[in-house]
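In: any chance you can model this:
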Amino acid sequence: AFLQAARMVRVANPTFAFRWHPKVKDEIMREIFECIRQGLGYPSMRNDPILIANSMHWHGHPIKEARTWVHQACMSPCPTTKFGFQPMRMASATANSAKIIEYVFTQGYDKVVNMQMGAKTPDPRTFKSFEELYAIWIKQMKAIFGLLVRAVNVGRTIGSNAGPRPYLSAISERSIESGLDVCDPSISRGNAWITCFTWVENADSLAAVKKLIFDEKKYTMEELVDALENNWEGKE
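Out: Numbers count the residues shown, from 1 in each chain. Model (predicted):
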């Protein structure tokens, strides 16, 4: 009924989110896909069993609390419980994930800011197999996400002192009980999600390189790197 109403009203905000489970009925999925087909941009779909397990493994939520998870903000899952909820958009970092595949071909050097931003990796012209290229991609991904996670951890550590939230604390049970700011990490489990945009560009790029260079051998790595360095001029 909610999704049917959304299609009739056709508003972009407030939005809907959907907790997908393998036992969801087909008629429900048809309603979801019909809503997405309308171009409304929702519902945002998340894998329920995986996110329950994720909350338990990474953030220590007991299963009873993990099962209450909801979409925080646009996509960040967290429980609705006293120690699990997020009172606000917590300290976070957003990744332009397309940089991961870019850094594979620039040895971690960012030519926009003229700095070594990623891991220092070998010249891609020397890659002899897709597995070698993929291993470098993993290395660049770890380097970028490591930087982001450190920023998140620092932000959450100093956030309650640098920018306390008295109103949110006044209506939070855990703050009233402890006398601490609602964003103090010591009284919450919360989560430490980072947001990754432009993720699909990595999959598209890896698939194209694997097919055209390593499988079909239509081009060489040297040709690809030269084309990238020259902004595809003459290689269109």
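
In: run through this protein and note the low-pLDDT ranges.
Out: The chain contains residues with pLDDT under 70 at 89-92, 190-192.

In: what about 80?
Out: Along the chain, the parts satisfying pLDDT under 80 run over 1, 11-14, 40, 72-76, 86-94, 189-195, 235-236.

In: which parts of it are strands?
Out: Remark: strands assigned in the chain by DSSP state E are 17-20, 44-47, 70-72, 76-78, 94-96, 109-110, 115-116, 195-197.

In: tell me the bridge partners for Asn47.
Out: Trp20 (DSSP bridges).

In: list the buried residues in the longest helix seen in the chain.
Out: As assigned by DSSP state H, the longest helix anywhere in the chain is helix 130-162. By 16 or more other C-beta atoms under 10 Å, the buried positions in helix 130-162 come out as 130, 133, 136-137, 139-141, 143-145, 148, 152, 155-156, 159-160. To be clear about C-beta, it is placed using only N, CA and C from the backbone, and glycine gets the same treatment.

In: just those now: which is nearest Pro77?
Out: Pro77 has its nearest neighbour among those in Val152, at 15.6 Å by C-beta to C-beta.

In: ok, and the closest non-adjacent residue to Thr15?
Out: Computed as C-beta to C-beta, 6 or more residues apart in numbering, the closest residue to Thr15 that is not its neighbour in sequence is Tyr42, at 4.5 Å.

In: so that neighbour sits against Phe33, correct?
Out: No: Tyr42 is not in contact with Phe33 according to C-beta atoms under 8 Å; the separation is 11.8 Å.

In: which one of the two has more residues nearby?
Out: Neighbours of Tyr42 and Phe33, each counted by other C-beta atoms under 10 Å, are more numerous for Tyr42; the result is 19 against 13.

In: can you tell me which of the strands of the chain is most buried?
Out: Mean neighbour count (mean count of other C-beta atoms under 10 Å) peaks for strand 76-78 among those, with a mean of 23.
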